[in-house]
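*Asks:* Requesting a structural model of the entry that follows:
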Amino acid sequence: MSLKILEHKKNPLMERDEVKAVFEHHGKPTPTRGQIMPSLESVLKADAERILIRKIFSEKGKGESLVTVHVYDKKEALPKMRMDILRKRVEKAKGKAEAKAPPAAEAKKEVKAEHKTGHPGK
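*Replies:* Numbers count the residues shown, from 1 in each chain. Below is the predicted model:
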């Protein structure tokens, strides 16, 4: 997986750089923000707290995604509304990960109980 910068514009009014890049992922599904972030950090030489991935777009059948990114000059320049949205997105992702884990553990317990008694649910 590699990242190529297509366009890099400075926006002094908003205190940010606006970047368009192509992320190659041949033979794999559209990457998540978490998979793209390390590449962005190294190529743009900025920490993740100042990088806001606005959009990831993949065309069907292509192993490339167009990524639109804003890199803020300082963390305080990031709009408060955006920070709230990012915080909610992270909490939602954590909640999904936690919700998936317990059902698997419960299923294992049911299988163990079934083996001991020979009857399901007893």
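*Asks:* Tell me, please, where in the protein the pLDDT is lower than the cut-off.
*Replies:* The model of the chain has pLDDT under 70 over residues 81, 90, 93-94, 96-122.
*Asks:* Could you rerun that using 90?
*Replies:* 1-3, 13-14, 26-28, 30-38, 47-53, 59-63, 74-122 (pLDDT under 90).
*Asks:* wait, what's in contact with the residue nearest the centre of it?
*Replies:* Per CA atoms, centre = their mean, the C-alpha nearest to the average position across the chain is that of Arg33, at 2.4 Å. Residues in contact with Arg33 (CB atoms under 8 Å, 6 or more residues apart in numbering) are Ile53, Ile56. Every C-beta, even on glycine, is put in place using the N, C-alpha and C of the backbone.
*Asks:* go again using 7 Å as the cut-off
*Replies:* Ile53 (CB atoms under 7 Å, 6 or more residues apart in numbering).
*Asks:* can you check the one 10 residues further on too?
*Replies:* Residues counted as contacts of Val43 (CB under 7 Å, 6+ apart) are Leu3, Ile5.
*Asks:* send the alpha carbons of the helix or strand in which it is found over as CSV?
*Replies:* Following DSSP states H and E, one finds Val43 within helix 33-44. What follows is helix 33-44 as a C-alpha-only set of coordinates in CSV (Å, rounded to 0.1, in the frame of the first residue of the first chain):
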residue,chain,number,x,y,z
ARG,A,33,-9.0,6.0,8.1
GLY,A,34,-6.9,4.1,10.6
GLN,A,35,-5.1,2.2,7.8
ILE,A,36,-4.4,5.4,5.9
MET,A,37,-3.3,7.6,8.8
PRO,A,38,0.2,6.1,9.4
SER,A,39,1.1,6.7,5.7
LEU,A,40,-0.3,10.3,5.9
GLU,A,41,1.8,11.0,9.1
SER,A,42,5.0,9.9,7.4
VAL,A,43,4.5,11.6,4.0
LEU,A,44,3.1,14.8,5.4
